[in-house]
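**Q** Fold the following and give me the result.
(2 chains, ligands or ions: 2)
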Amino acid sequence: MALLQVDRLSKIYQQHHAVQDISFSVEEGQCVALLGPNGAGKTTTINMLTGLIQPTSGGIHLYQQGTKVEDRRPYMGYLPQMPSFYSWMSGREFVCYAGQLHGLTRKEAEQRAAEWLQRVGLEEASRRKIGGYSGGMKQRLGFAQALIHRPKLLILDEPVSALDPVGRRDVLNLLRELQQETTILFSTHVLHDAEEICDQIIMMRDGRVAIQGQLDDIRDRYSEPVITVVAGNASNPQVKAWMTEISRKPYVLRSELQRESMTLTVSDLELAEREIWKDAMQHRIFIRRFEAGQSTLEDLFLKVVQS
Amino acid sequence: MRQTILFYRKEMLEMARNYKWIWVPLVFLLLGVMQPIMSYYMPEILQHAGNMPEGTVISMPTPTGGEVLAQTLSQYSVIGVLILVLSMMGMVASERQSGVASLIFAKPVSIVSYILAKWCSAITITAVSFLLGYAAAWYYTVQLIGPIQITHALAAGGVYLLWLCFVVSVTVLVSVGVSSTGGVAFVSLAFIALLSFISSLFAKVFMWSPSQLSGLAAEWLHYGESARPTFAILFTSIGSMALLLAVAMFIMRRKSPIGTHA
Ligand SMILES: Nc1ncnc2c1ncn2[C@@H]1O[C@H](COP(=O)(O)OP(=O)(O)O)[C@@H](O)[C@H]1O
Ligand SMILES: [Mg+2]
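**A** Ligands and ions are numbered 1, 2, ... in the order given. Presented below is the predicted three-dimensional model:
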């Protein structure tokens, strides 16, 4: 059942299309990554989902038990990329305030604030002023304030981008746990983070959706046979000529040449492998490494980003 | 309503934590006490200022109690207004600038409650500070200078407080519309100064303007009466404050809570 439906959403800033005609839907219980390089339109999309900015056109619908809701905000939790708080409040006070803004009574809010602060590992610092928190602590506080009202949909903008490796690991672990409890949509420019916890990705580029779907489907659908060849003795001028010649063969779809290696996307792996070896033998080219396999999502992502 | 109270409590706590609850009332108190004391000692101060030929007798018309209290109000019209605007310029603008507004407005909050709470808290600290300072000025004036008719002092104080509330309302609106805190202070002060200036130039046209409030208060203290259309001025003042708030809410709704760039 669809929880969130985004329908031909666009945002134009003075003739600049930050987001252009994107559509997608998020099912209940899913974890969706909004993936794309800087400037792809991820933050703009998220700001429209949370209602912080108005779309130029298009619709956003959130469904609660099958019926569309008027105001999405009670059902969503949001953590911006660089969350900032009232530095004069303590962590506990802020989370409690957030809970009360969501309609919890003071008592409920206090109780849940304590629970969430413990869960994100901030209980010790919870009585200190937020002004003295580190970046990682603010991030965790941001999680607590976004989750206090048990949202149906948790929206996170680049939740791990600014963190050190340890902080990143902690947040990914927390996200993996939260996946059992709620639906998650988060943006990132790192494919690896998306692959680690998500089942669905939406790849964006220049304000448009380039590819979207289940990770496994995308992997199957877009993976192509790839051969990487590392030729020895790069000083041999023949190597360069030979690589260029190979890259023009009919079974090569796309090629990428470096000084002494090349990566070829081929139409037929077996045929290509046989032909390349034969050709190398004929030209007396020494091959140091030969690798045949499938292209990864990383390759696909780079292709989407760079094309 | 519940949310308005929640926002209001947060504002009050913030003003306590960053010491606004200390320094704003303190400034008003000092200004209030200073005027009667200065007036009382003025002849002696001048006597000791030197440069006077031996035997000079300084005779100054001793001001009445009402005049001294009116002078206090004119102090408030400059330094008091400046302090109020400076202490409130960041009210909305800085929450937007810091980005905390994007956390708050992603929650199911009402813009009406948000603005109303900002306004009420600003009015609270303004009223407390002014009444404290005015009461002190009144006390010292009666002690040192002379009696003041209670009804005149009360009416003048009430009318003047309404002027300060108008100043606060202007600042709230500008704080919603202008993004930088410095800009908020500048625009608010410029607007208030300009309004006062223009309405003193074109007194006929601006007969009902809220800027007449301070003149009204001063005249009551001086003469115990005023030729100005009191009720019309009160009416337009309260009306324009309501209008300023409504426009602030409207702009807040139109303008994204995270500002133009985020
Ligand atoms: N307020 C704005 N005014 C003008 N252009 C904007 C504004 N916000 C974003 N943009 C532009 O929209 C594009 C998408 O930005 P953004 O959504 O922040 O990308 P991402 O989060 O994927 O890095 C960028 O080219 C950016 O310059
Ligand atoms: Mg971004």
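**Q** what's the offset of stretch A:260-274 from the middle of its chain?
**A** Here stretch A:260-274 is found 30 Å from its chain centre; the criterion is CA atoms, centre = their mean, to the nearest Å.
**Q** no, scratch that, I was asking about stretch A:79-89
**A** With CA atoms, centre = their mean, you get 22 Å for stretch A:79-89.
**Q** how many neighbours does A:Val115 have?
**A** If you look again at residue A:115, you'll see it is Glu, not Val. By other CB atoms under 10 Å in any protein chain shown, 15 other residues sit near A:Glu115. All C-beta atoms are positioned from the backbone trio N, CA, C, and that covers glycine.
**Q** what helix or strand does it sit in?
**A** Assessed by DSSP states H and E, A:Glu115 sits inside helix A:106-119.
**Q** List the buried residues of that helix.
**A** A:Glu108, A:Ala109, A:Glu110, A:Arg112, A:Ala113, A:Ala114, A:Trp116, A:Leu117, A:Arg119 (16 or more other CB atoms under 10 Å in any protein chain shown).
**Q** what does chain B put close to chain A?
**A** B:3, B:6, B:10, B:14, B:17-18, B:98-100, B:102-109, B:256-258, B:262 (CB under 8 Å from any CB of the partner chain).
**Q** Could you list the domains of chain A?
**A** When chain A is parsed with the TED database, its domains come out as A:2-220, A:224-306.
**Q** who wins for proximity to ligand 1 among these?
**A** Of all the domains of chain A, it is domain A:2-220 that lies closest to ligand 1, at 3.2 Å by CB to the nearest ligand atom.
**Q** Tell me which of the domains of chain A sits most buried.
**A** Mean neighbours per residue, mean count of other CB atoms under 10 Å in any protein chain shown, is largest over these for domain A:2-220, with a mean of 19.
**Q** Tell me the spacing between B:Ser175 and B:Met91.
**A** 5 Å (CB to CB, to the nearest Å).
**Q** what residues do those two have in common as contacts?
**A** Contact criterion CB atoms under 8 Å, 6 or more residues apart in numbering or on different chains; residues shared by B:Ser175 and B:Met91: B:Lys118.
**Q** Low-confidence stretches in the stretch 1-150 of chain B?
**A** The stretch 1-150 of chain B contains residues with pLDDT under 70 at B:50-60.
**Q** What is the subsequent helix or strand relative to the helix or strand that contains B:Val172?
**A** B:Val172 belongs to helix B:150-177 when assigned by DSSP H and E. Going down the chain from helix B:150-177, the next helix or strand is helix B:181-201, by DSSP H and E.
**Q** got the CA coordinates for that following helix in CSV?
**A** The C-alpha trace of helix B:181-201 is given here as CSV (Å, rounded to 0.1, in the frame of the first residue of the first chain):
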residue,chain,number,x,y,z
THR,B,181,18.7,41.1,12.1
GLY,B,182,20.6,44.3,11.4
GLY,B,183,18.3,45.0,8.6
VAL,B,184,15.3,44.5,10.9
ALA,B,185,16.7,47.0,13.4
PHE,B,186,17.4,49.6,10.7
VAL,B,187,14.1,49.3,8.9
SER,B,188,12.0,49.3,12.2
LEU,B,189,13.8,52.3,13.6
ALA,B,190,13.7,54.2,10.3
PHE,B,191,10.0,53.5,10.0
ILE,B,192,9.2,54.7,13.5
ALA,B,193,11.4,57.8,13.2
LEU,B,194,9.9,58.6,9.8
LEU,B,195,6.4,58.2,11.0
SER,B,196,7.0,60.5,14.0
PHE,B,197,8.8,63.0,11.8
ILE,B,198,6.2,63.1,9.1
SER,B,199,3.2,63.2,11.4
SER,B,200,4.8,66.2,13.2
LEU,B,201,5.2,67.9,9.8
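**Q** And for the next helix or strand after it, what's in contact with it?
**A** Using DSSP H and E, the next helix or strand after helix B:181-201 towards the C-terminus is helix B:212-223. For helix B:212-223, contacts defined as CB under 8 Å, 6+ apart pick out B:66-67, B:69-70, B:73-74, B:77, B:148, B:152-153, B:155-157, B:159-160, B:162-163, B:166, B:196, B:199, B:206, B:225-228, B:230, B:233, B:237.
**Q** what about 7 Å?
**A** When contacts are defined by CB atoms under 7 Å, 6 or more residues apart in numbering or on different chains, helix B:212-223 is touched by residues B:66-67, B:69-70, B:73, B:77, B:152, B:155-156, B:159-160, B:162-163, B:199, B:226, B:228, B:230, B:233, B:237.
**Q** how many neighbours does the closest residue to B:Leu213 other than its chain neighbours have?
**A** The shortest distance from B:Leu213 to any non-neighbouring residue, by CB to CB, 6 or more residues apart in numbering or on different chains, is to B:Trp163 (3.8 Å). Close neighbours of B:Trp163, defined as other CB under 10 Å, add up to 26.
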